[in-house]
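Student: When you get a sec, could you give me coordinates for this:
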Amino acid sequence: MISVPFLAQTKKPFSEMNIGISGGYNLSTEPLTDFWNIPFSAEGFLSTNFYLGTAQIGAKYIPLRSLTKNQPSINSFFIYIGWVADYSLFKELSVHAGLKAGSYLMMAEKGDLSTYQQSESEFAFGPTLSLEYHILRHLNLHAAADFFRIFTFNKINFANFSLGISYRFYTKKWFREILE
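Tutor: Next up is the predicted model:
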């Protein structure tokens, strides 16, 4: 059962913004990795406290480097919106769990593919779990585990672990009023 403090909104919606970046590593063992090497991932996001949790927007870059000359390398982006529930474990440590949904955009590098085959966009969706450690008043370190499914004809699953840093700042009253 979820406790009341977990759902209680302690901050006014849009009163804080958090901007962050992270680098990650793909943990997937999908058939995709038989054809492409996934050396890293990079992500940028912007989040704000919302009515029950935190709302976020972001983009994750995942390069797919070809293992053979038979297929091109692919630059892929997961462009998403998300919502996470926040729970403070200690004063400096909090856990966040939620969902991300958006578009997974794949752009093949130049090769023998037709223009139609060089880019594709599909719906993607999945859960996220992270730990955030407040190292300074406005500076945070975070570790996250994401899983998302790309709904292509043959569904593709990605599992990704990332580490990053974010900066939290308070918004001005006039800015909050615009967003509300």
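
Student: how about the helices in this structure?
Tutor: Applying DSSP state H to the chain gives helices spanning 4-7, 173-179.

Student: Confidence-wise, which of those is weakest overall?
Tutor: Mean pLDDT per stretch puts helix 4-7 lowest among the helices of the chain, at a mean of 44.

Student: Residues in a beta bridge with residue 108, which ones?
Tutor: Beta-bridge partners recorded for residue 108 (DSSP bridges): residue 74.

Student: By mean pLDDT, which helix or strand of this protein comes out lowest?
Tutor: One helix or strand of the chain scores below all others by mean pLDDT, DSSP states H and E: helix 4-7, with a mean of 44.

Student: Now do the strands in the chain.
Tutor: Counting by DSSP state E, the chain has strands at residues 16-26, 36-37, 41-50, 53-66, 74-88, 93-108, 119-134, 139-150, 156-170.

Student: okay if I get those as a markdown table plus distance to residue 177?
Tutor: From N, CA and C alone the C-beta is placed, and that goes for glycine too. Formatted as a markdown table, these follow (distance: least, C-beta to C-beta, whole Å):
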| stretch | distance to residue 177 |
| --- | --- |
| strand 16-26 | 15 |
| strand 36-37 | 47 |
| strand 41-50 | 14 |
| strand 53-66 | 17 |
| strand 74-88 | 22 |
| strand 93-108 | 26 |
| strand 119-134 | 27 |
| strand 139-150 | 26 |
| strand 156-170 | 14 |
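
Student: hey, least reliable of those strands by pLDDT?
Tutor: Across the strands of the chain, the lowest-scoring stretch is strand 36-37, with a mean of 89.

Student: Please compute how far it lies from its chain's middle.
Tutor: Centre-to-centre, strand 36-37 and its host chain are 21 Å apart (C-alpha atoms, centre = their mean, to the nearest Å).
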